[in-house]
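S.K.: sequence below, structure please.
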Amino acid sequence: MTAFSVLLPVYAGDDPAFFTRALRSVSIDQSLKPDEIVIVRDGEVSDEIEAILDAAIDGSAVGGVPVTVVRIGHNRGLADALVEGLKACRYEIVARADADDISLPHRFATQIPVIVGDGGEPLDLLGAAIQEFETEAGPRGVVRVLPTTPEKITEMARFRDPFNHPTVVYRKAAVARAGGYRRLAKMEDYWLFVRMLQTGSRVANLAEPLVLYRVGAGAYQRRGGEEMLRSEIELQRAFMTSGFVTRRQGLRNIVVRGGYRLVPTWARKPAYRIMVRHGRGRVQTKGRPASC
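M.R.: Residues are numbered from 1 along each chain as shown. Below is the predicted model:
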C-alpha cells in the first residue's frame with residue numbers, strides 16, 4: 001500500500017480532550033494506519049496540549065505511528081501552519097485532519113486506494129461526506145454530501161466550497177502546482193481547491209461520510225461576522241480576477257454568501273441549508289436524504 005502522511009494543525013484554542021480523540025482517530029483506530037503524522041503547533045499552547053504532543057512523539061498517544069511536530073513560535077493562522085506542515089510531510093499523499101474532528105476507522109482504507117488509482121484513474125484531490133455531531137455519546141447530526149464527479153464539483157465551486165476540508169486527501173505536487181495555501185481567513189481551503197481545479201487537478205468526492213465533524217453552540221456563530229464578510233469579498237474578487245467566475249456570478253455570490261455572513265446567528269443554520277440547496281449539495285437528516 002502507498003505510504004502517506006497525515007497533516008494535523010493544533011493551536012491554543014483547541015480543546016485538549018478533542019485533540020487527543022482526533023489523534024487517536026487518525027492512528028490507533030484506523031484499519032489502515034498512516035506512515036507518519038505531522039502535527040503543526042501554531043503558536044504557544046497550553047501545558048495540556050504540550051503533554052499530548054509529548055505523548056504523540058513518544059508514540060503512546062498514536063500507537064507507535066511516527067510523529068513529527070512542527071513548532072511555530074507565534075500563531076500565524078491556518079494557511080501558514082499548513083504550508084509549514086506540508087514542507088515537513090515526507091510522502092506525496094497527504095491526508096488532512098483537524099484537531100477536533102474524528103476520522104472514522106475505515107477512512108484511510110477507503111480513500112487511499114481511490115486516490116492512488118487502484119481499479120481506476122489516480123486522483124490529485126479526494127474528499128468525502130461528513131456527519132455532524134456534538135458529543136460522541138449523543139445522536140448524530142446531518143450528513144453533508146457533496147458532488148462526486150469533476151463536472152459537478154466544478155459547477156458547485158462557482159458558488160460554494162465543493163470539498164469538506166477535514167476529509168480531503170491530496171497530492172503534494174498538485175497542491176504546489178496550484179500555488180499552495182494562501183492567507184484568506186476561514187477560506188484558505190476553498191481558494192486552494194479552486195486553484196487546483198484551474199490547474200487541472202483530477203478530483204472526486206466520496207458520498208460516504210468518513211469524518212465526524214464536531215459542531216457546538218458556536219459553530220454557526222463562527223461562520224458570520226465582519227471578518228467573514230471581508231474574506232468573502234476578497235475571495236470573490238480573486239475568483240473574478242482569475243476568470244473562475246464571471247463578474248455577474250461574483251456579485252451574486254457576494255450578495256447571497258455575504259448576506260449569509262450578516263444574518264443573526266439563530267437564522268444562520270436554516271440559511272446554510274438554503275445555500276447548500278442552491279449550490280447543489282445534499283443534506284441528510286436522521287439518515288434520510290433531504291430534498292436539496
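
S.K.: contacting residues around the residue nearest to residue 122 when sequence neighbours are not counted?
M.R.: Spatial nearest neighbour of residue 122, excluding adjacent residues (CB to CB, 6 or more residues apart in numbering): residue 116 at 5.9 Å. The C-beta positions use only the backbone N, C-alpha and C, and glycine is treated the same way. For residue 116, the contact set (CB atoms under 8 Å, 6 or more residues apart in numbering) comprises 2, 93, 122.

S.K.: buried subset of the residues you listed?
M.R.: residue 93 (16 or more other CB atoms under 10 Å).

S.K.: out of the contacts of residue 116, which comes closest to residue 137?
M.R.: Nearest to residue 137 out of the contacts of residue 116 is residue 93 (CB to CB; 33.4 Å).

S.K.: identify the bridge partners of that closest one.
M.R.: residue 4, residue 171 (DSSP bridges).

S.K.: and residue 117, what are its phi and psi?
M.R.: Backbone torsions for residue 117, taken as degrees, to the nearest 10, come to phi 90, psi 20.

S.K.: name the helix or strand for the closest residue to it other than its chain neighbours, please.
M.R.: Counting by CB to CB, 6+ apart, residue 123 is the residue found nearest to residue 117 once chain neighbours are left out, at 7.1 Å. Per DSSP states H and E, residue 123 falls between elements, in no helix or strand.

S.K.: now the one 4 residues further on
M.R.: Here residue 127 is covered by strand 125-133, with elements defined by DSSP H and E.

S.K.: which strands or helices does that strand pack on?
M.R.: Counting contacts by 3 or more CB pairs under 8 Å, 6 or more residues apart in numbering; DSSP states H and E, strand 125-133 is packed against helix 107-116, strand 140-145, strand 169-171, strand 203-214.

S.K.: report the inter-axis angle for that strand versus strand 140-145.
M.R.: 160 degrees (axes from the mean of the first three to the mean of the last three CA atoms, to 10 degrees).

S.K.: now the strands for the stretch 1-150 of the chain?
M.R.: Along the stretch 1-150 of the chain, counting by DSSP state E, counting those that start in this stretch, strands occupy 4-10, 36-42, 67-72, 93-96, 102-103, 125-133, 140-145.

S.K.: out of those, the one nearest residue 198 is which?
M.R.: Comparison of the strands of the stretch 1-150 of the chain against residue 198 by CB to CB identifies strand 125-133 as nearest, at 12.3 Å.

S.K.: in its sheet, which strands sit next to the closest one, and in what direction?
M.R.: Here, using DSSP bridges, strand 125-133 pairs with strand 140-145 (antiparallel), strand 169-171 (antiparallel), strand 203-214 (parallel).

S.K.: count the residues that sit near residue 77.
M.R.: 18 (other CB atoms under 10 Å).

S.K.: hmm, I was thinking of residue 24
M.R.: Residue 24: 16 neighbours (other CB under 10 Å).

S.K.: now do it against residue 177, distance only.
M.R.: Between residue 24 and residue 177 the distance is 33 Å, computed by CB to CB, to the nearest Å.
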